[in-house]
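A.B. asks: Okay, sequence plus prediction incoming.
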Amino acid sequence: MARSSLAPHVHFPEVMRRTVLIVTMVALAVMVIGCATAPFDGYKNGPVTLYVGEVRHICAAGALNNRGCTIRYPNGRIEVYCARGDYECIAHELRHVADPGWQHDLDGATVSSR
């Protein structure tokens, strides 16, 4: 296949770099849209908002099997995330809200009523 002197010559690494960039941008856009339309409900009372539903993707940064998490913002706002129907998680995360200095039990004991 003959190349004309008028056709631009693009090296393979440059094509791959552009392809990877486009794929990365599309993946980020899908993530942002997915998180913006996450399937959970929010309940607000003062500076605290409780979100229940599918929250694993939000709390994934803390640990592999997080059931919930609490996020505090510098402006005093607090967000609590738990799976729908997981009342033990809600109680646990609200304990973080009520007592910011509270630490998890070091012996792994649970406060479950089960």
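C.D. replies: Structure received.
A.B. asks: Name the helix or strand for Asp41, please.
C.D. replies: For Asp41, the enclosing helix or strand under DSSP states H and E is strand 40-45.
A.B. asks: Now do that strand: everything it contacts.
C.D. replies: Thr49, Leu50, Tyr51, Val52, Gly53, Glu54, Val55, Tyr81, Arg84 (Cβ atoms under 8 Å, 6 or more residues apart in numbering). Any C-beta I mention is one placed from the backbone N, CA and C, and that applies to glycine too.
A.B. asks: Enumerate the positions of stretch 47-67 that are buried.
C.D. replies: By 16 or more other Cβ atoms under 10 Å, the buried positions in stretch 47-67 come out as Val48, Leu50, Tyr51, Val52, Gly53, Val55, Ile58, Cys59, Asn66, Arg67.
A.B. asks: Likewise for stretch 93-107?
C.D. replies: So for stretch 93-107, counting by 16+ other Cβ under 10 Å, buried means Glu93, Leu94, His96, Val97.
A.B. asks: By pLDDT, rank the buried residues of stretch 47-67 and give me the bottom one.
C.D. replies: The lowest pLDDT within those belongs to Asn66, which sits at 73.
A.B. asks: Now Arg102. Nearest residue, chain neighbours left out?
C.D. replies: Quick fix: residue 102 is Trp, not Arg. Excluding its sequence neighbours, the residue lying closest to Trp102 (Cβ to Cβ, 6 or more residues apart in numbering) is Arg95, at 5.7 Å.
A.B. asks: Model confidence score at that neighbour, please.
C.D. replies: Note on Arg95: pLDDT of 88.
A.B. asks: and it, what are its phi and psi?
C.D. replies: phi -60, psi -40 (degrees, to the nearest 10).
A.B. asks: All the helices of the protein, residue numbers only.
C.D. replies: In the chain, the helices defined using DSSP state H lie at 12-36, 56-59, 87-98.
A.B. asks: Let me have those in TSV, extended by distance to Asn75.
C.D. replies: Converted to TSV, these look like this (distance: least, Cβ to Cβ, whole Å):
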stretch	distance to Asn75
helix 12-36	21
helix 56-59	19
helix 87-98	15
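A.B. asks: Cheers, nothing more for now.
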